[in-house]
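J.: here's my sequence, what's the structure:
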Amino acid sequence: MMNQTTFAHAEFAAKKKSTRRERFLARMEEVIPWAQLLAVIAPHYPKGERGRPPIGLERMLRVYFLQQWYALADEALEDALYDSQALQCFARIELAAEGVPDATTLLKFRRLLETHDLCKGLFSAINADLAARGLLLREGTLVDATLIAAPSSTKNQKRARDPEMHQTKKGNQWYFGLKAHLGTDRDSKLVHTVVVTAANVSDIAKAAELLHGKERQVHADAGYTGVEKRPEIVALARPIDWQIACKRGRIKALAEGAQKEAVKAVERAKAAVRAFVEHPFHIVKNLFRHRKTRYRGLAKNGHQLHTLFGLANLVIAARRVAA
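T.: Numbers count the residues shown, from 1 in each chain. Predicted coordinates for the structure are as follows:
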């Protein structure tokens with residue numbers, strides 16, 4: 001892809017103030033392993049042997065990442081690319097010489113990723129690059145899950161909610177949607193495993209799938225109590241130190257005194273380690289603003305979540321490198 005500086009880009013770069021969006025995109029430009037990611041998609045991308053020549057693969061991948069970072073629909077992303085010089089510079093689009101990929105082109109590219117299961121490939125390629133740079137250590141694992149709401153409206157053609165989503169109760173509140181289960185590296189705070197299920201699937205049922213096989217210690221909240229006794233965990237036949245949070249009721253039932261204070265101190269220490277699993281959730285939900293599902297069905301949303309958590313890993317890695 002050509003990256004020639006134009007007069008418009010030069011004038012934009014010469015302005016005195018650098019916005020938060022520009023600084024964020026500049027950090028992402030530095031940490032994204034473009035060559036590895038393009039190699040994942042290239043075998044499946046149209047070569048342009050028939051019909052009109054396709055838009056360059058790198059440009060489409062850059063535009064796709066912009067869509068994930070800023071939670072934009074296809075039409076909204078097309079408009080944003082016309083409006084924002086910062087987005088144009090990151091996507092390497094010069095409006096004087098070429099147009100912006102339209103919403104249909106963006107849709108076809110996303111479907112290409114979904115059809116060939118390439119989002120998981122992008123997630124794996126990002127983690128492989130971070131591991132090669134010594135940022136993904138794989139010593140211990142933090143496991144947790146988060147609920148992501150789905151539209152409960154029935155104002156559609158079939159007049160029904162998404163059949164693959166389910167409701168679940170958390171505390172006194174009911175939620176309808178899906179659940180993203182994460183296995184996160186204890187030391188680097190990077191996500192190494194993502195499993196997507198309906199919201200009513202229990203956290204403990206997916207614990208075995210969140211282990212990468214090399215960890216010696218696993219940290220989890222009280223929702224995973226008794227996980228070491230489950231048959232799929234016993235079948236692993238390897239020693240794992242399970243650091244599971246004690247239920248609040250047990251702590252409250254203890255008599256006041258030194259023993260209770262000691263137990264509370266241990267629980268605070270375990271919680272301090274376990275809290276790092278919330279960082280990827282914070283980035284995806286608050287920084288990327290992905291608080292509600294965009295598509296119907298678990299498969300499409302699962303593809304998107306693999307991309308989002310892969311990009312979240314890059315944000316965490318960029319912060320570590322800057323520190």
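
J.: buried residues, stretch 126-143. List them.
T.: Residues of stretch 126-143 classed as buried under the neighbour-count rule (16 or more other Cβ atoms under 10 Å) are 126-127, 129-131, 135-136, 138, 140-143. Where you see a C-beta, it was placed from the backbone N, CA and C, and this is true even at glycine.

J.: take the residues you listed and keep only those in strands.
T.: Counted as lying in strands by DSSP state E, out of the buried residues of stretch 126-143, are 140-143.

J.: which one's the longest helix in the chain?
T.: Scanning the chain for the helix with the most residues, using DSSP state H, yields helix 298-322.

J.: check which residues of it are buried.
T.: Per 16+ other Cβ under 10 Å, helix 298-322 contains these buried residues: 298, 300-318.

J.: what stretches of the stretch 201-323 of the chain score poorly on pLDDT?
T.: Within the stretch 201-323 of the chain, the stretches with pLDDT under 70 are 323.

J.: other SSEs contacting the longest helix of the chain?
T.: helix 20-31, helix 57-69, helix 103-115, helix 118-132, strand 173-185, strand 191-198, helix 278-282 (3 or more Cβ pairs under 8 Å, 6 or more residues apart in numbering; DSSP states H and E).

J.: gap between Pro33 and Ala317?
T.: Plainly put, Pro33 is 10 Å away from Ala317 if you go by Cβ to Cβ, to the nearest Å.

J.: how about the secondary structure of Asp162?
T.: coil (DSSP: H, G, I helix; E, B strand; the rest coil).

J.: what about the nearest residue to it once chain neighbours are set aside, distance to Glu278?
T.: Leaving aside its sequence neighbours, Asp162 sits nearest to Arg296 (Cβ to Cβ, 6 or more residues apart in numbering; 5.0 Å). Arg296 sits 28 Å away from Glu278, taking Cβ to Cβ as the criterion.

J.: check Ala42 too.
T.: With distances taken as Cβ to Cβ, Ala42 is found 35 Å from Glu278.

J.: who has more neighbours out of those two?
T.: Neighbours of Ala42 and Glu278, each counted by other Cβ atoms under 10 Å, are more numerous for Glu278; the result is 16 against 11.

J.: so what's that one closest to, chain neighbours aside?
T.: Distance criterion Cβ to Cβ, 6+ apart; nearest residue to Glu278, sequence neighbours excluded, is Asp144 at 7.5 Å.

J.: pLDDT below threshold where in the stretch 1-150 of the chain?
T.: Where the stretch 1-150 of the chain drops to pLDDT under 70, the residues are 1-16, 49, 51-52.
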